[in-house]
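Enquirer: quick check, what structure comes out for this input:
(one chain, ligands or ions: 1)
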Amino acid sequence: MTKFAKTRSNGGSRLRPVWLRRGDIAAACAVLVTALLTAFFLWFGQAPASQVSVQYPDGHKEYISLNRVQTIEISGNNGIDLLIEIDNGRARVRESSCPDQVCVHSGWLSRSGQTAACVPAGVCVQILGGEPAVDGVTA
Ligand SMILES: [Zn+2]
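Expert: Residues are numbered from 1 along each chain as shown. Have a look, this model is predicted:
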């Protein structure tokens, strides 16, 4: 913490970072970079999701376009049946016979990275953004 210098007398006992006094340019740059990074992540965070990946209990994944209306029935582990619903840019676990219902309570997923997992069933639904399907394993 040697970057902090104590102000001697004027201004009381506040601590000030040294870089603030070295010039406003450094501070302005830091603010600018932070703003740009924030905009960058917001931009990609809000990029329209294009696909949903559905992971089955056996580990295999299916990539399905979100730009459709479709329901998918999955027979999960422990005799749990799930109903995945895709509705024009969003997806959810509509129904599940799992005991905890965590997956159902995840609700609609529409942003890249959002996930609904049904642990007891071994099923995971995740929204993927941006890039289109590479190997085209769409249903
Ligand atoms: Zn569940």
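Enquirer: what is the one helix or strand residue 53 maps to packed up against?
Expert: Here residue 53 sits within strand 49-55, counting by DSSP states H and E. Counting contacts by 3 or more C-beta pairs under 8 Å, 6 or more residues apart in numbering; DSSP states H and E, strand 49-55 is packed against strand 61-65, strand 123-129. For glycine as for every other residue, the C-beta is placed from the backbone atoms N, C-alpha and C.
Enquirer: partners of that strand in the sheet?
Expert: strand 61-65 (antiparallel), strand 123-129 (antiparallel) (DSSP bridges).
Enquirer: what's the domain layout of the protein?
Expert: Domains of the chain are assigned by automatic domain parsing as 4-45, 49-129.
Enquirer: in a markdown table, list those along with mean pLDDT, mean neighbour count and distance to the ion.
Expert: Formatted as a markdown table, the domains of the chain follow (pLDDT from 0 to 100; neighbours: other C-beta atoms under 10 Å; distance: least, C-beta to the ion, whole Å):
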| stretch | mean pLDDT | mean neighbour count | distance to the ion |
| --- | --- | --- | --- |
| domain 4-45 | 69 | 10 | 26 |
| domain 49-129 | 96 | 17 | 3 |
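Enquirer: TSV for the strands paired with strand 49-55, including distance to residue 88?
Expert: Shown next, in TSV, are the strands paired with strand 49-55 (distance: least, C-beta to C-beta, whole Å):
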stretch	distance to residue 88
strand 61-65	10
strand 123-129	13
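Enquirer: what does the strand holding residue 53 rub up against?
Expert: 61-67, 72, 74, 84, 86, 89-91, 109-112, 123-133 (C-beta atoms under 8 Å, 6 or more residues apart in numbering).
Enquirer: alright, calling it a day.
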